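Novice: give the three-dimensional model of this entry:
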Amino acid sequence: MNKHSIFSNVRGDLASGLVVFLVALPLCLGIALASGAPLFSGIVSGVIGGVVVGILSNSSLSVTGPAAGLTAIVLTAITELGGFDIFLVAVLLAGLIQIALGFLKAGSFSNYFPTSVIEGMLAAIGIIIILKQIPHAFGHDIDNEGDFFYLEKSGHSTFDTLIESINYIHTGALIIALLSIAILIFWEKTPALQKIKVIPGALVVVVVSILLNEFFIQSGSNLAIVTQNHLVSLPSFGEIQNGFALPNFTELTNEKVWIVAVTIAVVASIETLLCIEATDKLDPFKRFTDTNRELKAQGIGNILSGLLGGLPMTSVVVRSSANINSGGRTKLATIFHGVLLFTFALSIPFILNKIPLAALAAVLLMVGYKLAKPSVFVHLWKNGYSQFIPFIITVIAVVRIDLLKGVGIGLAVSIIFILYQNLKIAYSFKKESFHDGDVITIKLAQEVSFLNKAAIKTTLGQIPYGSKLVIDASHTKYIDFDVVELIKDFRNVTVKDKDITLTLIGFKEQYNLDITEFQHVKIKDSKEDKE
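Specialist: Take a look at the predicted model:
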């Protein structure tokens, strides 16, 4: 059997799908709550993202669902459009736009994300998870699961809530969180338990936490977690019926609906491409995802989500990294997590509602740590400042602002470093002394762009009177038109004025550097020069 086929790692993928389900469940609900949408809309989006997009996607490890990065857009759009049913039309149209982007090959945009920025985004998400989950581990559940913004809905910042949570520690929740972390570490570090792939540590954590809390409740202990805001809170069947909505197609001609649709399509597509790039980097098999196919799959998912009353979706780093860390290796894990969301949310919500958020916080804390391990920072530091500075700025910006703006700032800084490096390596300058005078050699790099024009112009302007100058393009594959014109102007004027003997090596015919009328200039083919 092909080691990458969907049934090549069944036990590991099913176990990983179960972990992703446990991570996704509170996030789906929390994102729906933060978006001002019906709670069950988050589950609908998670199910479609897991099953439908999981089947259609080319990615083996990426997990799709409602995204924290879209919550502000969704919340504003529902208010401005005047109803969730009208908003669903925008979700459906966004899906159609994404399919069009896939056919237009817009997925290739992901090839331009620098590694340092992707690494910074992953580390930042890890830090955000840790900062957001520590209060839940303390039992201070004022902030919704799925709210990954620095400025929270309550008006507090992430650090305000973190510090505040110290004063609101629920001892029972803290005991469950610490025990859960200990179980996860023990499960991961014990080789014998690693072989039991069908029983993931996260499942043990959930079962133990439910049993321990039930013991606290039955014994009348003040450690008991009884209030629902400290537990998973799935809507009842009646609430699902009351909150269920279908798209209002009479609003198809509404200009505001189309503006929201374009906004969702663009933001969701960029977030998806960023996640796919990050997931491929985490993939132990280093497989590459067809990003154009991914955009089409996401588009179909959003069309169905809009039709069935769900939230817009993207590929999501938190769930994808949880999948990889839990041993997921094929898309079976993603599909299985979607099946579990559908089955458990409808059939046994009363059991899921017994899960303490502190236990799930422990699972997410481990995910966050693996994304932002100190070794990641050390590795980027050793790669040099041109890699580390864009990395660390991306980390700070994503944590302090949000995902897209933070990545945008990181990209801008990375581009500045690329331009700076490009300016330095456009050519090498060498002067050698000979008995018959000085010979100055300028060796051009493989790529010489217009950005190098100023530096080359300055160098040519400093060539002394009566020199012998060699400009060597033997290894150059591309020279920008502006640079060619600069060399022509130098050849036509400066060479005569300064009595410079100019030798051009390796310049291709298309550069049209005809020198027959210039007595001070000769041109050589690179092969002839070597002979």
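
Novice: how about stretch 234-245: buried residues?
Specialist: For stretch 234-245, the neighbour count (16 or more other C-beta atoms under 10 Å) marks Leu234, Pro235, Ile240, Gly243, Ala245 as buried. (Each C-beta comes from the backbone N, C-alpha and C, glycine too.)

Novice: strands along the protein, start to end?
Specialist: 63-66, 313-316, 427-434, 437-444, 447-448, 468-472, 478-479, 501-505, 521-524 (DSSP state E).

Novice: need the least confident one among those, by mean pLDDT.
Specialist: Within those, confidence is poorest for strand 427-434, with a mean of 53 (mean pLDDT).

Novice: count the neighbours of Val339 for me.
Specialist: As a burial measure, Val339 scores 15 neighbours (other C-beta atoms under 10 Å).

Novice: swap that for Ala106, please
Specialist: Residues near Ala106, counting by other C-beta under 10 Å, number 18.

Novice: residues touching it, list them.
Specialist: For Ala106, the contacting residues are Ser269, Asn292, Leu295, by C-beta atoms under 8 Å, 6 or more residues apart in numbering.

Novice: how about a cut-off of 10 Å?
Specialist: Shown in contact with Ala106 (C-beta atoms under 10 Å, 6 or more residues apart in numbering): Gln98, Ala100, Val266, Ser269, Ile270, Leu273, Thr291, Asn292, Leu295.

Novice: measure it to Val407 for me?
Specialist: As defined by C-beta to C-beta, to the nearest Å, Ala106 lies at a distance of 17 Å from Val407.

Novice: next: Thr330.
Specialist: To Val407, Thr330 is 28 Å away according to C-beta to C-beta.

Novice: what does Ile463 give?
Specialist: In this view, Ile463 and Val407 are 44 Å apart by C-beta to C-beta.

Novice: again, but for Arg293
Specialist: Per C-beta to C-beta, Arg293 is found 22 Å from Val407.

Novice: of those two, who's got more company?
Specialist: Under the criterion of other C-beta under 10 Å, the comparison of Arg293 against Val407 puts Val407 first, with 23 against 15.

Novice: I figured the more buried one hits Tyr112, correct?
Specialist: No: contact criterion C-beta atoms under 10 Å: Val407 and Tyr112 do not qualify, at 11.8 Å.

Novice: what's the most distant pair in the buried residues of stretch 234-245?
Specialist: Maximum pairwise distance in those, criterion C-beta to C-beta, is 18.1 Å, between Leu234 and Ala245.

Novice: endpoints of stretch 347-360, how far apart?
Specialist: Using C-alpha to C-alpha, to the nearest Å, the end-to-end distance of stretch 347-360 comes out at 21 Å.

Novice: would you pull up how far that stretch lies from the middle of the chain?
Specialist: Put simply, stretch 347-360 sits 29 Å off its chain's centre (C-alpha atoms, centre = their mean, to the nearest Å).

Novice: give the rounded mean pLDDT of it.
Specialist: Throughout stretch 347-360, pLDDT has a mean value of 90.

Novice: report the buried residues of it.
Specialist: Going by neighbour count (16+ other C-beta under 10 Å), the buried part of stretch 347-360 is Pro349, Leu352, Lys354, Ile355, Pro356, Leu357, Ala358, Ala359, Leu360.

Novice: does Leu246 touch Val91 like I think?
Specialist: No: taking contacts as C-beta under 10 Å, Leu246 lies outside contact range of Val91: 11.7 Å.

Novice: the two: who's more crowded?
Specialist: Using other C-beta under 10 Å, the more surrounded residue of Leu246 and Val91 is Val91, with 31 against 13.

Novice: report pLDDT for that one.
Specialist: 98.

Novice: wait, what's in contact with it?
Specialist: For Val91, the contacting residues are 41, 45, 74, 77, 84, 247, 257, 260-261, 264-265, 268, 302-307, 309-313, by C-beta under 10 Å, 6+ apart.

Novice: what bits of the chain have low per-residue confidence?
Specialist: Applying pLDDT under 70 to the chain flags the ranges 1-4, 153-154, 194-197, 421-438, 508-531.

Novice: Ser108 - how many residues pack around it?
Specialist: Using other C-beta under 10 Å, Ser108 has 11 neighbouring residues.

Novice: give me every residue that touches it.
Specialist: Applying C-beta under 10 Å, 6+ apart, the residues contacting Ser108 are Leu273, Thr291, Asn292.

Novice: same question for Phe186.
Specialist: Phe186 makes contact with Leu193, Gly201, Val204 under the criterion C-beta under 10 Å, 6+ apart.

Novice: in space, what's closest to the last one - neighbours in sequence excluded?
Specialist: Nearest-residue entry for Val204: Ile183, 5.7 Å, with adjacent residues in sequence omitted and distances by C-beta to C-beta, 6 or more residues apart in numbering.

Novice: so that neighbour touches Leu212, yeah?
Specialist: No: the pair Ile183 / Leu212 is not scored as a contact, 11.0 Å apart, by C-beta under 10 Å.

Novice: got any residues that touch both of those two?
Specialist: Common contacts of Ile183 and Leu212 (C-beta under 10 Å, 6+ apart): Ala359.

Novice: how far away is Phe377 from Ile393?
Specialist: From Phe377 to Ile393 the distance is 13 Å (C-beta to C-beta).

Novice: those two - which one has more neighbours?
Specialist: More crowded of Phe377 and Ile393, by other C-beta under 10 Å: Ile393, with 19 against 16.

Novice: so how far is Ile409 from the more buried one?
Specialist: Going from Ile393 to Ile409 by C-beta to C-beta gives 6 Å.

Novice: which residues are in contact with each of those two?
Specialist: Val117, Gly120.

Novice: contact partners for Ala224?
Specialist: With contacts defined as C-beta under 10 Å, 6+ apart, Ala224 is in contact with His170, Gly172, Leu212, Asn213, Glu214, Phe215, Phe216, Ile217, Gln218, His230.

Novice: the residue lying closest to the third one once chain neighbours are set aside: what's it in contact with?
Specialist: Counting by C-beta to C-beta, 6+ apart, the nearest residue to Leu212 once its immediate chain neighbours are dropped is Ile176, at 6.1 Å. Under the criterion of C-beta under 10 Å, 6+ apart, the contact partners of Ile176 comprise 137, 139, 170, 205, 208-210, 212-213, 216, 223, 225, 230, 356-359, 361-362.

Novice: rebuild the buried residues of stretch 347-360 as CSV, extending it with distance to Pro66.
Specialist: Listed next are the buried residues of stretch 347-360 as CSV, based on distance: C-beta to C-beta, whole Å:
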residue, distance to Pro66
Pro349, 18
Leu352, 17
Lys354, 23
Ile355, 19
Pro356, 22
Leu357, 18
Ala358, 23
Ala359, 22
Leu360, 16
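
Novice: would you map the helices across the stretch 151-300 of the chain?
Specialist: Ranges of helices within the stretch 151-300 of the chain are 158-165, 171-189, 191-194, 201-218, 237-243, 255-282, 291-307, based on DSSP state H, counting those that start in this stretch.

Novice: neighbouring contacts of the third one?
Specialist: So the one you mean is helix 191-194. Phe186, Trp187, Glu188, Ile199, Pro200, Gly201, Val204, Gly327.

Novice: show the buried residues in the contacts of Ala106.
Specialist: For the contacts of Ala106, buried by 16+ other C-beta under 10 Å: Gln98, Val266, Ser269, Ile270, Leu273, Thr291, Asn292, Leu295.

Novice: isn't the first one right next to Ala265, touching?
Specialist: Right, the one you point to is Gln98. Yes: counting by C-beta under 10 Å, Gln98 touches Ala265, with 5.3 Å between them.
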